[in-house]
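**Student:** Give me a model of this one.
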Amino acid sequence: MADQRSPRVNKALMANYKGQTVRLIAKLITFKDGRAIVEASDGGQVEVSLPRNDSLDCQYLEIIGKVEDERTIKMLGHVKFGDDVDMKLAEQVVQIWHDPKFAHVFAV
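**Tutor:** Reported below is the predicted structural model:
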(Lines give C-alpha, C1' and ligand atoms only; values in the text may rest on other atoms or scores of the structure.)
Protein backbone atom coordinates (compact mmCIF):
# COMPACT_ATOMS: atom_id res chain seq x y z
CA MET A 1 0.00 0.00 0.00
CA ALA A 2 1.30 3.50 -0.82
CA ASP A 3 2.34 5.82 1.99
CA GLN A 4 -0.62 8.07 2.79
CA ARG A 5 1.12 10.76 4.87
CA SER A 6 -0.12 14.28 4.36
CA PRO A 7 1.19 17.58 5.75
CA ARG A 8 -0.35 19.23 8.77
CA VAL A 9 -1.42 22.77 8.01
CA ASN A 10 -3.05 25.80 9.55
CA LYS A 11 -5.12 28.46 7.78
CA ALA A 12 -2.06 30.50 6.78
CA LEU A 13 -0.41 27.51 5.05
CA MET A 14 -3.43 26.31 3.09
CA ALA A 15 -2.68 28.47 0.03
CA ASN A 16 0.58 26.52 -0.42
CA TYR A 17 -1.30 23.23 -0.77
CA LYS A 18 -4.10 23.92 -3.25
CA GLY A 19 -5.29 20.62 -4.76
CA GLN A 20 -3.39 18.53 -2.22
CA THR A 21 -4.54 16.39 0.68
CA VAL A 22 -3.69 17.86 4.09
CA ARG A 23 -4.53 17.50 7.78
CA LEU A 24 -6.03 20.41 9.71
CA ILE A 25 -6.52 20.33 13.48
CA ALA A 26 -9.54 22.52 14.17
CA LYS A 27 -12.29 23.59 16.53
CA LEU A 28 -15.85 23.35 15.20
CA ILE A 29 -17.60 26.74 15.19
CA THR A 30 -20.74 26.07 13.13
CA PHE A 31 -22.20 23.23 11.10
CA LYS A 32 -25.17 23.54 8.73
CA ASP A 33 -26.30 21.99 5.44
CA GLY A 34 -23.15 19.97 4.79
CA ARG A 35 -20.78 22.84 5.48
CA ALA A 36 -18.81 23.67 8.58
CA ILE A 37 -16.83 26.65 9.74
CA VAL A 38 -13.85 25.70 11.88
CA GLU A 39 -11.08 27.56 13.65
CA ALA A 40 -7.60 26.33 12.70
CA SER A 41 -4.70 26.10 15.14
CA ASP A 42 -3.46 29.57 14.10
CA GLY A 43 -6.88 31.11 14.79
CA GLY A 44 -7.90 31.46 11.14
CA GLN A 45 -11.35 30.37 10.01
CA VAL A 46 -11.72 27.68 7.36
CA GLU A 47 -14.82 26.51 5.52
CA VAL A 48 -15.17 22.73 5.26
CA SER A 49 -17.41 21.03 2.71
CA LEU A 50 -18.49 17.63 4.02
CA PRO A 51 -19.34 14.49 2.07
CA ARG A 52 -23.05 13.82 1.65
CA ASN A 53 -24.76 12.55 4.82
CA ASP A 54 -21.70 13.21 6.99
CA SER A 55 -21.88 15.19 10.20
CA LEU A 56 -19.54 16.44 12.89
CA ASP A 57 -20.38 15.68 16.49
CA CYS A 58 -17.34 16.77 18.48
CA GLN A 59 -15.80 20.13 19.29
CA TYR A 60 -12.21 19.37 18.18
CA LEU A 61 -11.17 17.25 15.23
CA GLU A 62 -8.50 16.65 12.65
CA ILE A 63 -9.84 17.13 9.16
CA ILE A 64 -8.24 15.15 6.36
CA GLY A 65 -9.15 16.78 3.11
CA LYS A 66 -8.24 18.34 -0.21
CA VAL A 67 -7.49 22.07 -0.22
CA GLU A 68 -9.83 23.77 -2.70
CA ASP A 69 -8.52 27.29 -2.11
CA GLU A 70 -6.85 29.32 0.64
CA ARG A 71 -9.98 29.18 2.82
CA THR A 72 -11.81 25.96 1.87
CA ILE A 73 -11.17 22.24 2.38
CA LYS A 74 -13.22 19.39 0.93
CA MET A 75 -13.30 16.84 3.75
CA LEU A 76 -12.36 13.27 2.87
CA GLY A 77 -12.40 12.07 6.47
CA HIS A 78 -11.88 13.18 10.04
CA VAL A 79 -10.56 12.06 13.39
CA LYS A 80 -12.50 13.02 16.51
CA PHE A 81 -10.31 14.70 19.13
CA GLY A 82 -13.06 15.22 21.71
CA ASP A 83 -13.86 18.36 23.64
CA ASP A 84 -10.50 19.44 25.10
CA VAL A 85 -7.52 20.16 22.84
CA ASP A 86 -4.63 22.54 23.47
CA MET A 87 -4.70 24.52 20.21
CA LYS A 88 -1.40 26.26 21.04
CA LEU A 89 0.24 22.85 21.17
CA ALA A 90 -1.49 21.87 17.91
CA GLU A 91 -0.04 25.02 16.30
CA GLN A 92 3.43 24.09 17.54
CA VAL A 93 3.05 20.70 15.85
CA VAL A 94 2.22 22.47 12.56
CA GLN A 95 5.24 24.76 12.93
CA ILE A 96 7.61 21.86 13.68
CA TRP A 97 6.20 19.92 10.71
CA HIS A 98 7.28 22.77 8.40
CA ASP A 99 10.60 23.59 10.13
CA PRO A 100 13.52 22.71 7.80
CA LYS A 101 15.43 21.29 10.80
CA PHE A 102 12.92 18.44 10.90
CA ALA A 103 12.51 17.84 7.15
CA HIS A 104 14.11 14.39 7.46
CA VAL A 105 11.44 13.37 9.99
CA PHE A 106 8.38 14.66 8.13
CA ALA A 107 9.43 14.16 4.50
CA VAL A 108 6.23 13.79 2.50
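
**Student:** what are the ranges of the helices in the chain?
**Tutor:** Secondary structure of the chain, counting by DSSP state H: helices at 87-97, 103-106.

**Student:** Turn these into CSV, including distance to Arg5.
**Tutor:** The C-beta positions use only the backbone N, C-alpha and C, and glycine is treated the same way. What follows is the helices of the chain, written out as CSV (distance: least, CB to CB, whole Å):
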stretch, distance to Arg5
helix 87-97, 10
helix 103-106, 8
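
**Student:** Ile29: which of those helices is closest?
**Tutor:** With respect to Ile29, and counting by CB to CB, the nearest of the helices of the chain is helix 87-97 at 12.6 Å.

**Student:** returning to that earlier point: adding distance to Gln45, mean neighbour count and mean pLDDT, write the helices of the chain out as a markdown table.
**Tutor:** Formatted as a markdown table, these follow (distance: least, CB to CB, whole Å; neighbours: other CB atoms under 10 Å; pLDDT from 0 to 100):
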| stretch | distance to Gln45 | mean neighbour count | mean pLDDT |
| --- | --- | --- | --- |
| helix 87-97 | 13 | 15 | 93 |
| helix 103-106 | 26 | 10 | 73 |
